[in-house]
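# Sharing a sequence plus its predicted fold:
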Amino acid sequence: MSKSYSIAILGATGAVGTRMIDQLAKSDIKVSKLCLLASKRSAGKILVFRGRHLKVQEAFPESFDGIDIVLASAGGKVSASLLPEAVKRGAVCIDNTSYFRMNDDVPLVVPEVNAECVKAHHGIIANPNCSTIQMAVALNPVRQKYGLNQIIVSTYQAAGGAGQAGIDELYQEATAYLNDEPMESKILPVKGGQKHYPIAFNLLPQIDVFEDADYTHEEWKMIHETKKIMCGDKNSQQLKVTATCVRVPVPITHGETIYFMTDTAPTPDEIRTTLETAPGVIVQDDPKRQIYPQPVEVVGSQQTFVGRIRSDMENNRAYHMWVVADNLVKGAAWNAVQIAEELIKQDEVHGSQEFANLF
């Protein structure tokens with residue numbers, strides 16, 4: 001990566017945005033200019049990148065003049081408004097919101113799984129949902145070697161999946177509960193919902209709004225994003241996927257129990273061996289020594305951790321695994337930076353103004 005690039009981070013002061021700054025600093029990308037963008041409320045804050053103190057600026061369309069790559073995590077409405085403007089000005093945008101993910105003209109990329117898809121971009125590449133990313137990283141090596149025809153996943157998602165406000169609410173409620181005071185819930189399960197419930201010392205079987213057939217939007221995203229990433233079609237019938245998503249009282253890092261069925265019949269040891277050499281995966285799986293991934297030990301890591309790999313005792317070619325990853329790092333910021341690295345590696349950092357009307 002000998003060339004240097006002008007990069008903008010949109011939503012720079014948020015829980016994901018600050019980690020984008022950190023992960024970009026740790027990457028091999030040479031940055032000639034870094035523009036930190038946020039709302040008017042956050043403008044003027046000072047953040048540090050590779051030892052440099054940079055002032056956050058309010059985001060406007062002209063903020064993207066001269067920018068090569070945009071890393072965005074400022075909410076769907078902001079992405080819908082500003083990213084097409086960035087594309088018109090010649091930038092390639094990597095968007096962490098859900099706004100563009102199901103657009104057929106927008107690649108949905110997990111670099112360990114489908115890095116080649118960055119070549120199909122028309123100026124915007126979507127970063128998948130955090131819970132989808134770690135599942136795809138863990139299961140794709142299995143799919144490649146043994147085939148994969150069904151996934152049933154239950155998630156244990158951190159309060160931080162709702163941003164810094166979710167983490168703050170967890171801490172405030174826990175403090176109130178321990179002090180025998182009323183817990184005030186204003187964010188979860190959905191900020192704009194009719195009802196709010198405590199997350200401290202509680203479990204919420206709702207992430208995002210309810211949709212058709214009583215699935216939540218988070219569950220819908222896991223189903224269709226997984227199909228798009230692995231099969232190239234969000235409605236593919238090649239792979240059956242279903243999900244139940246639960247918010248748990250953990251600040252950062254998602255856990256998932258995954259039941260999956262393969263085309264062939266590998267042993268659990270063969271699956272472990274396959275995953276031990278897979279990119280982005282760390283296997284922690286020694287039940288006799290009580291070794292398995294734990295959220296508290298994974299915070300800040302770029303890797304996806306896998307354990308509890310075992311055969312299903314009732315069904316042939318069916319298995320279980322436990323998967324843990326930092327939802328704000330690998331599930332968001334690091335995956336976005338990895339996509340930027342792939343854009344550079346594949347020489348795909350170029351304007352796509354002729355395609356701007358797609359968005």
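Everything's here; your move.

# can you list contacts of stretch 334-348?
Residues from elsewhere that reach stretch 334-348 (C-beta atoms under 8 Å, 6 or more residues apart in numbering): 1, 3, 5, 7, 19-20, 23-24, 27-29, 69, 71, 73, 92, 94, 96, 109-111, 115, 118-119, 121, 125, 127-128, 133, 302, 349. In this view, the C-beta of every residue, glycine as well, is placed from N, C-alpha and C.

# Selection in PyMOL covering whichever of these are buried, please.
Remark: buried members of the contacts of stretch 334-348, expressed as a PyMOL selection using 16 or more other C-beta atoms under 10 Å:
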select buried, resi 5+7+19+20+23+24+27+29+69+71+73+92+94+96+109+110+111+115+118+121+125+127+128+133+302+349
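
# The contacts of stretch 334-348 in helices, which ones?
Counted as lying in helices by DSSP state H, out of these, are 19, 20, 23, 24, 111, 133.

# okay, how far is it across stretch 94-101, tip to tip?
Terminal residues of stretch 94-101 are spaced 11 Å apart (C-alpha to C-alpha, to the nearest Å).

# just how off-centre is that stretch within its chain?
10 Å (C-alpha atoms, centre = their mean, to the nearest Å).

# May I see the buried residues of it?
Applying 16+ other C-beta under 10 Å to stretch 94-101 flags 94, 95, 96, 97, 98, 99, 100, 101 as buried.

# Narrow these to those in strands?
Counting by DSSP state E, the part of the buried residues of stretch 94-101 found in strands is 94, 95.

# Which two of the buried residues of stretch 94-101 have the greatest separation?
94 and 98 (13.7 Å; C-beta to C-beta).

# And residue 9, how far from residue 335?
14 Å (C-beta to C-beta, to the nearest Å).

# According to the record, where do the domains of the protein fall?
Here the domain parsing of the chain from automatic domain parsing is 4-128+333-358, 132-327.

# could you dump the ones you listed to TSV with mean pLDDT?
Below are those laid out as TSV (pLDDT from 0 to 100):
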stretch	mean pLDDT
domain 4-128+333-358	95
domain 132-327	98
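
# most packed of these?
Of the domains of the chain, the one with the most neighbours on average (mean count of other C-beta atoms under 10 Å) is domain 4-128+333-358, at a mean of 20.

# now that one, how far from the chain's geometric center?
Remark: domain 4-128+333-358 is offset 14 Å from the chain centroid, using C-alpha atoms, centre = their mean.

# can you give me the helices in the stretch 201-350 of the chain?
When assigned using DSSP state H, counting those that start in this stretch, the helices of the stretch 201-350 of the chain occupy the ranges 217-231, 268-276, 295-298, 334-345.

# who wins for proximity to residue 38 among those helices?
Closest among the helices of the stretch 201-350 of the chain, using C-beta to C-beta: helix 334-345, at 16.3 Å.

# OK, contacts around the residue nearest to residue 268 when sequence neighbours are not counted?
Take residue 268 and drop its neighbours on the chain: the residue closest to it by C-beta to C-beta, 6 or more residues apart in numbering is residue 309, 4.9 Å away. Residues in contact with residue 309, defined by C-beta under 8 Å, 6+ apart, are 268, 271, 272, 275, 283, 285, 319, 320, 321.

# coming back round to it: of all the ones in helices among the contacts of stretch 334-348, which two lie farthest apart?
Maximum pairwise distance among the ones in helices among the contacts of stretch 334-348 (C-beta to C-beta): 17.6 Å, between 24 and 133.

# Wasn't residue 105 part of a strand?
No - per DSSP: H, G, I helix; E, B strand; the rest coil, residue 105 lies outside any strand segment and is coil.

# And the closest residue to residue 182 other than its chain neighbours, how close does it get to residue 193?
Spatial nearest neighbour of residue 182, chain neighbours left out: residue 176 (6.4 Å); criterion: C-beta to C-beta, 6+ apart. Counting by C-beta to C-beta, the gap from residue 176 to residue 193 is 21 Å.

# how about a markdown table for the contacts of residue 309, with distance to residue 240 added?
Formatted as a markdown table, the contacts of residue 309 follow (distance: C-beta to C-beta, whole Å):
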| residue | distance to residue 240 |
| --- | --- |
| 268 | 22 |
| 271 | 19 |
| 272 | 24 |
| 275 | 22 |
| 283 | 25 |
| 285 | 25 |
| 319 | 15 |
| 320 | 16 |
| 321 | 17 |
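
# Residue 160: which of these is nearest?
Residue 160 lies nearest to residue 321 out of the contacts of residue 309, by C-beta to C-beta, at 22.7 Å.

# and the gap between that closest one and residue 295?
Noted for residue 321: a distance of 16 Å to residue 295, by C-beta to C-beta.

# Residue 265 now?
Computed with C-beta to C-beta, the distance linking residue 265 and residue 295 is 32 Å.

# mind listing what residue 284 touches?
291, 292, 293, 305, 306, 307.

# ok, those vs residue 81, which is closest?
Closest approach between the contacts of residue 284 and residue 81, by C-beta to C-beta: residue 305, at 36.7 Å.

# ok, for that closest one, nearest residue in space, not its chain neighbours?
That would be residue 293: by C-beta to C-beta, 6+ apart, it lies 3.6 Å from residue 305.

# Against residue 326, how distant is that neighbour?
When distance is defined by C-beta to C-beta, residue 293 is 11 Å away from residue 326.

# If anything else comes up later, I'll come back, but that's it for now.
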